[in-house]
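**Q** make a model of this:
(2 chains)
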Amino acid sequence: MEKRVTFKGWMLPLCLLAPQVIITAVFFFYPAGQAVWQSMFIPDPFGLKSQFVGFGNFEFLLSDRYYRAAFATTAIFSGLVTVVSMGLALYLAVLADRLIKGSGVYRTLLIWPYAVAPAVAGVLWLFMFNTRVGVVAWYLGLLGYDWNHVLNEAEAMGLVVAASSWGRVSYNFLFFLAGLQAIPKSVIEAAAIDGARFWTRFRTIVFPLLSPTTFFLLVVNIVYAFFETFGVIHTITSGGPQQATTILVYKVFADGFVGQDLGSSAAQSVILLIVVGAMTIIQFKFVERRVHY
Amino acid sequence: MKIKTLGLALASSLVLTGTAYAQTEIQWWHAFTGRLGDLLAEQIDQFNASQSDYVVVGSHKGNYSETLNAGIAAFRAGEQPHIMMVFEVGTATMMAAKGAVVPVYKVMADAGVPFDADAYMGAVKGYYTTPEGDMLSLPYNSSTPVLYVNRDAFSAAGLDPDMDLSTWQNVGKALDGLKAGGSTCPLTTAWQSWVHLENMSTWHDVPFATKENGFGGLDTELAFNGPVQVKHIQQMGDWARDGKFIYAGRRNEGGANFRAGECALFTESSAGYAGVKKEAKFAFEIRTLPYWDGVDGAPQNTIIGGSSLWVMAGKTADEYKGVGQFLAFLSTSDIQAKWHQNTGYLPITNAAADQTKAEGFYEKNPGTDIAGMQMTSKAPTANSKGLRLGSFDQIRGIIDEELEAVWSGDKTAQEAMDSAVERGNVLLRRFEQANG
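**A** Prediction:
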């Protein structure tokens, strides 16, 4: 029972498709192709000369145990950011959805952090948790806890996860709230009449009906944690202490723009491209099966 | 914000095209903001007002690393400025880029501007010249690490603020006394790798890297896991464990704690003087960087940090003439003496040092001559001329990580330094391969 709209001839569909295809080609395929090409070379920083090394850059990377460790760091970081930001957003959305009075105010306030750029968010959190002058670190000190994310790896990870998740909660909140409001009230009321408590209703009706939203956010948030958290890491920890917060995309930056090793940097972005591509395929193949549209 | 900047840029370019009709524009990309940026702009204005053939335009491109990256990206796109400010860490990168830069000695000769490289302080000049003595880039701002002492904190802990702090042995005794006297921050530092490894190596006349710290070729290997450096780092680690050395961060985060009066001792660049003088509400003084008594040849000399000006390739002869005149203007002793006195950076020409002395500046500001003396009291050796290592910005990052492992007690100094040497050597080999 699928509806199909058919065009007469090829010209119109081609014209309609062209803008998107051209934009994708110019801003995605071309740079991605360049990265693949560059990953085969070791150039000098100024582009004066360049040596072909084939897969030499990849061999160099995979034999580096710090690079291999960055995979684990990235998995932990992305997992935590996704779980924390989605979990918190879902909780807040459920609460906001039940509000009768003043929900507009809460909604507006909750959306604000999304307007803050990651690098700025990083500086804000760093300021609060600065080991010597930060206000939160100071209160923790009063409670007898010596906060030092500069040296403590777990605290550094916690801080970058918190700073990265914070702005993201707003975004997820918006989608979850919209998703919740789209669930027909009649279904929930029917369950309530049957005697289902709030938690039972949430588990058996609301959450399954929310699954398209949840799946969409899962994909989007993992991509966010992989790529867009760079600013937070750069401002708060610069990948430290002892590479505890060096995620793959931060290493692409550090090797390319601090180390001026463009060959290694290009090879890393190719690897990153493959990893994220593979993850998205896995998500659509296996997770999406459990999604009810 | 962006629109406003764009508008300003547009407006200023309109003004410039209006006046620059007969004038040749010289672009200078730099990394200074705040007070340093103002002083730099003043130098430009002074030059522009002094003649009518050329107009120098300064552009701030972010911090040192960002400025270097902007310059490299611009060169690849054929849009490079005439003059680029590059920090001392990027020196090896610029020297290896033979087709991208024009050596300063050549710019000066072609422009017919009289220029004497020997006017520059030996320890500064050596950093930026070839073994043949040709100056490749013009030294601009140079500083060296010194010890800042909070005299009030010493008194508060019941110590004599005039006590001898010239050796680390004595500093250790002071730290014991400060800790016992209730100090929460007996010692802190800025730029840990620069102060406690790079300068500690030259100060004790031991190699930081083989091949004269990289001056002798790209096939240099790191060597800072020697007994002198390991002993020092281990001692600092022990002090960190006992709460006598407080680690605040990789850059100059510790400065805020010292200026607020919290810390008693602070190892930091001599260029931190202006900030300390402005903010400190306590009696402070500058001492020479301590050394380990008992190490042969110590104290030797400390080395510089800071930046130099590189002239980029691909411009016209007339433009280079203007560049030459501007660089000659920057190296005059009036400009240099003023820069030194206002910032705490070293007087990089001998004439500027003499002029500052003659003006009585050092008597009015005691301690400001210590940085210069640390660098010039002995002729530099093969171990203390400076460092010329590729990928050094990133190697410093590795050193920072390994030092942090010592401060947190995760590694011994020997383990950490061995690991830093091994990891840094990998980057040196990559650099050798890319630039060899």
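
**Q** what's the spacing between the most centrally placed residue in chain B and A:F202?
**A** Centroid check for chain B by CA atoms, centre = their mean gives B:G305 as the closest residue, at 1.7 Å. Remark: distance between B:G305 and A:F202 (CB to CB, to the nearest Å) = 60 Å. To be clear about C-beta, it is placed using only N, CA and C from the backbone, and glycine gets the same treatment.

**Q** could you report the neighbour count for the closest residue to chain B within the stretch 51-200 of chain A?
**A** Closest residue of the stretch 51-200 of chain A to chain B, CB to the nearest CB: A:L151 (4.1 Å). Using other CB atoms under 10 Å in any protein chain shown, A:L151 has 19 other residues around it.

**Q** can you tell me the closest non-neighbouring residue to it?
**A** Nearest non-adjacent residue to A:L151, counting by CB to CB, 6 or more residues apart in numbering or on different chains: B:S408, 4.1 Å away.

**Q** look up phi and psi at B:H30.
**A** Per-residue torsions, B:H30: phi -140, psi 180 (degrees, to the nearest 10).

**Q** which SS state does the closest residue in space to it that isn't next to it in sequence fall under?
**A** Excluding its sequence neighbours, the residue lying closest to B:H30 (CB to CB, 6+ apart) is B:M85, at 4.2 Å. Classification of B:M85 using DSSP: H, G, I helix; E, B strand; the rest coil returns strand.

**Q** which residues touch B:M85?
**A** B:M85 makes contacts with B:28-32, B:64, B:67, B:140, B:307-310, as judged by CB atoms under 8 Å, 6 or more residues apart in numbering or on different chains.

**Q** quick check: beta-bridge partners of it?
**A** Beta-bridge partners recorded for B:M85 (DSSP bridges): B:L309.

**Q** from B:T188, how far out is it?
**A** 28 Å.

**Q** over to A:R68?
**A** A:R68 is 35 Å from B:T188, by CB to CB.

**Q** so between the two, which is more surrounded?
**A** Higher neighbour count among A:R68 and B:T188: B:T188, with 26 against 11, using other CB under 10 Å.

**Q** surely B:V55 forms part of a strand?
**A** Yes - judged by three-state DSSP, B:V55 forms part of a strand.

**Q** now it, nearest residue through space, not along the chain?
**A** In space, B:V55 is closest to B:Q23, 4.6 Å off (CB to CB, 6+ apart).

**Q** B:D318 versus that neighbour, what's the distance?
**A** 11 Å.

**Q** higher neighbour count, the two?
**A** A direct count of neighbours by other CB under 10 Å for B:Q23 and B:D318 places B:Q23 higher, at 16 against 12.

**Q** B:S183 in helix, strand or coil?
**A** B:S183 ends up coil, using three-state DSSP.

**Q** need the pLDDT of it.
**A** Per-residue pLDDT puts B:S183 at 95.

**Q** could you do B:K385 as well?
**A** pLDDT at B:K385 comes out at 89.

**Q** now do A:V161
**A** Looking at A:V161, the pLDDT reads 96.

**Q** show me what contacts it?
**A** So A:V161 contacts A:77, A:80-81, A:84 (CB under 8 Å, 6+ apart).

**Q** before we move on, what about B:L36?
**A** B:141, B:343.

**Q** secondary structure element for it?
**A** helix B:34-50 (DSSP states H and E).

**Q** now do the buried residues in stretch A:54-70.
**A** Under the neighbour-count criterion of 16 or more other CB atoms under 10 Å in any protein chain shown, stretch A:54-70 has A:56-58, A:60-61, A:66-67, A:70 buried.

**Q** just stretch B:39-58 next, same as before
**A** Quick answer for stretch B:39-58 (16+ other CB under 10 Å): B:40, B:43-44, B:47-48, B:54-58.

**Q** returning to that earlier point: so which of the buried residues of stretch A:54-70 reach chain B?
**A** A:60, A:66 (CB under 8 Å from any CB of the partner chain).

**Q** what angle separates the helix or strand that contains B:F326 from strand B:83-87?
**A** Per DSSP H and E: B:F326 is located in helix B:317-330. Orientation note: helix B:317-330 sits at an angle of 50 degrees relative to strand B:83-87 (axes from the mean of the first three to the mean of the last three CA atoms, to 10 degrees).

**Q** and the contacts of helix B:317-330?
**A** Under CB under 8 Å, 6+ apart, the answer for helix B:317-330 is B:24, B:26, B:28, B:43, B:46-47, B:50-51, B:53-54, B:56, B:82-83, B:102, B:104, B:107-108, B:110-115, B:138, B:140, B:309, B:311, B:315, B:335-336.

**Q** keeping just the C-alphas, turn stretch B:290-303 into PDB.
**A** Taking C-alpha atoms only, stretch B:290-303 is exported to PDB below (Å, rounded to 0.1, in the frame of the first residue of the first chain):
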ATOM      1  CA  PRO B 290      68.100  28.000  41.900                       C
ATOM      2  CA  TYR B 291      70.600  25.300  40.800                       C
ATOM      3  CA  TRP B 292      71.700  22.000  42.400                       C
ATOM      4  CA  ASP B 293      74.900  22.600  44.400                       C
ATOM      5  CA  GLY B 294      77.300  19.800  43.500                       C
ATOM      6  CA  VAL B 295      76.600  19.500  39.800                       C
ATOM      7  CA  ASP B 296      79.700  20.300  37.800                       C
ATOM      8  CA  GLY B 297      79.500  23.500  35.800                       C
ATOM      9  CA  ALA B 298      76.300  24.700  37.400                       C
ATOM     10  CA  PRO B 299      75.100  27.300  37.200                       C
ATOM     11  CA  GLN B 300      75.800  27.600  33.500                       C
ATOM     12  CA  ASN B 301      73.200  29.800  31.700                       C
ATOM     13  CA  THR B 302      69.400  29.700  31.200                       C
ATOM     14  CA  ILE B 303      67.800  29.900  27.800                       C
END
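
**Q** just the mean pLDDT for it, thanks.
**A** Stretch B:290-303 comes out at a mean pLDDT of 95.

**Q** now it: buried residues?
**A** B:290-292, B:295, B:298-303.
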